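Visitor: Take a look and give me a structure for this.
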Amino acid sequence: MFCIGEYIVYGVNGICRVAGISPSPYDKNDPRTFYHLVPVNNPMGSNIYTPVDNAFVPMRALMTREEIEKLIEKMPEIETLSVPVEKQRRDIYRAAIGTLDPVGYVRVIKTVRERRAQLGAARKHFPITDLEYGRLARHLLCSECALVMGVSEDDADAYLLSSLGEAE
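Guide: Purely as a prediction, here's the structure:
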């Protein structure tokens, strides 16, 4: 169970601060305990109330600085995603991001960057699916790294890209 004041990753909402832990705000007869989450990157957004034992939306603690450094070290070796059927691309991206595994974020980022290069070289259109999921994976990874390392999201993005040996 997370503690009040702790930062967590909550689904594709990204980083949230646990503002409270209480009984259901919706139903006084509901025996479950709920987290009151406040999204960090969208402070004007809605508060989130979710059961502590929510089985539908994954939650995890933020990576530590050491875990981020280990991830960065192994980024060049992380393989891209395999998409055997083009119509499955969205589902494959969604599944990789939906696990909240930072390695999955990196796999999506690398897959999208490789695909952009291939399609650009062939002078073909870059699909919106790739653009959307590439941005989402980058945002989720960079915002987490930025908060943990105490830098801006842009600085974290530049640092991660340089560790991949690629510059935009």
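Visitor: which stretches of the protein form strands?
Guide: 7-10, 14-23, 33-39, 48-51, 59-61 (DSSP state E).
Visitor: Now tabulate those strands in a markdown table and tack on mean neighbour count, distance to residue 1 and mean pLDDT.
Guide: Heads up, the C-betas are built off the backbone N, CA and C, glycines and all. Formatted as a markdown table, these follow (neighbours: other Cβ atoms under 10 Å; distance: least, Cβ to Cβ, whole Å; pLDDT from 0 to 100):
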| stretch | mean neighbour count | distance to residue 1 | mean pLDDT |
| --- | --- | --- | --- |
| strand 7-10 | 20 | 11 | 96 |
| strand 14-23 | 17 | 8 | 94 |
| strand 33-39 | 19 | 8 | 94 |
| strand 48-51 | 16 | 11 | 93 |
| strand 59-61 | 14 | 10 | 96 |
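Visitor: Tell me which of those strands approaches residue 158 most closely.
Guide: Closest approach to residue 158 among those (Cβ to Cβ): strand 14-23, 19.2 Å.
Visitor: now for that closest one, which elements pack on it?
Guide: Applying 3 or more Cβ pairs under 8 Å, 6 or more residues apart in numbering; DSSP states H and E, one finds that strand 14-23 makes contact with strand 7-10, strand 33-39, helix 128-149.
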